[in-house]
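[1] Here is my input, please return the structure:
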Amino acid sequence: MLFFVILFFLGLFIFFLIKGSKNTKDVAVKKITVRCPDRKASAKNIKILHLSDLHLENLSISPKELDELISAEPIDLIALTGDFLDRKRSIPKLSAYLEVLRKTNPTYGTYAVFGNHDYVLKEKDFETLKKMLQHYGIKTLQNEHVTIQLEEECLNIIGIDDYTTNRSNVQKAFHGVKEGMRLVLTHDPSVILEMENIPFDYLLSGHFHGGQINLPKPYHLFYKGKLPRMNIIKGLHYHNERPFYISEGLGQTGVNIRIGSRPEITFHQFS
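    Numbering: from 1, shown residues only. Presented below is the predicted three-dimensional model:
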């Protein structure tokens, strides 16, 4: 009897491994529209590609597959919200993916913030990662912002550094921000709970992988702060009537499986 019980659970375990591995290749491409009534038409017309949590050590799609998934959509701006990798030997692998992004030639450029896994790298290796991003024309933001003049108003792209590793400085990132649209990029969305009096139009983030493994719920994320305990780990949400989006990410961490979640690529626009 014990033998059959063990055999049953072993078969169940193998099934979940196979299914979980297949799920990492099943990329969801989503289009998100967010109401932004106070903004001018030139800001509302911007189309944003958002990618997060590539985790190159456990990424199941190739550069070619990424190209096929994003090439059909018009892109004005690319937002990358951290956790590219956490091992030095993975840095060269990133190059082919960045070339795919450069090829899209977004009207207003590509912008990136870093995540907790990126900061696992030694300082010199982190600088190598940062220089590679910049080599491909990507502006990296560490508690800083850039302002783009549109036809009718400014677009402020504000990068808040990683909250998990205590690098975020909201006041510094927003210092000197001009009137106009405020698009915030950050890795860990938990920082939004410390932005009660900071006005912004939209925030893009990642970090939680949509739970990655949910059996039946992502209880393993509860130690990561208030948002997971509120079951806020993916998708579009509002805090004090301000919208923010949490990407499920493109890669995986720990083990290269997903159960109850899918890797995703998202396109965002405003109305």
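[2] Now do the helices in this structure.
    Using DSSP state H, the helices of the chain run over 2-23, 41-44, 63-70, 91-103, 123-135, 170-174, 226-229.
[3] Going by mean pLDDT, which of those comes out lowest?
    Mean pLDDT is lowest for helix 2-23 out of those, coming in at a mean of 62.
[4] is it possible to export the helices of the chain to CSV including distance to residue 216 and mean neighbour count?
    (C-beta placed from N, C-alpha, C; glycine too.) Shown next, in CSV, are the helices of the chain (distance: least, C-beta to C-beta, whole Å; neighbours: other C-beta atoms under 10 Å):
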stretch, distance to residue 216, mean neighbour count
helix 2-23, 13, 11
helix 41-44, 39, 16
helix 63-70, 29, 16
helix 91-103, 33, 16
helix 123-135, 36, 14
helix 170-174, 35, 17
helix 226-229, 15, 16
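[5] Select, out of these, the one closest to residue 254.
    Of all those, helix 2-23 sits nearest to residue 254, with 11.5 Å by C-beta to C-beta.
[6] picking that back up, which of the helices of the chain sits closest to residue 180?
    Using C-beta to C-beta, the helices of the chain put helix 41-44 closest to residue 180, at 7.3 Å.
[7] Serialize the helices of the chain to CSV and add fields for distance to residue 147.
    Formatted as CSV, those follow (distance: least, C-beta to C-beta, whole Å):
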stretch, distance to residue 147
helix 2-23, 40
helix 41-44, 12
helix 63-70, 26
helix 91-103, 22
helix 123-135, 19
helix 170-174, 12
helix 226-229, 29
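[8] between those helices, which gets nearest to residue 196?
    helix 170-174 (10.2 Å).
[9] hey, C-alpha coordinates of the closest one in PDB?
    Only the C-alpha atoms of helix 170-174 are listed here, as PDB (Å, rounded to 0.1, in the frame of the first residue of the first chain):
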ATOM      1  CA  VAL A 170      11.500  58.600  -3.400                       C
ATOM      2  CA  GLN A 171      12.200  62.200  -2.500                       C
ATOM      3  CA  LYS A 172      15.500  62.200  -4.400                       C
ATOM      4  CA  ALA A 173      13.900  60.500  -7.400                       C
ATOM      5  CA  PHE A 174      11.100  63.200  -7.600                       C
END
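[10] Mind giving me the packing neighbours of it?
    In terms of contacts (3 or more C-beta pairs under 8 Å, 6 or more residues apart in numbering; DSSP states H and E), helix 170-174 is packed against strand 144-149, strand 154-160.
[11] Of these, flag the one that's most buried.
    Greatest average neighbour count among the helices and strands packed on helix 170-174 goes to strand 154-160 (a mean of 23), per mean count of other C-beta atoms under 10 Å.
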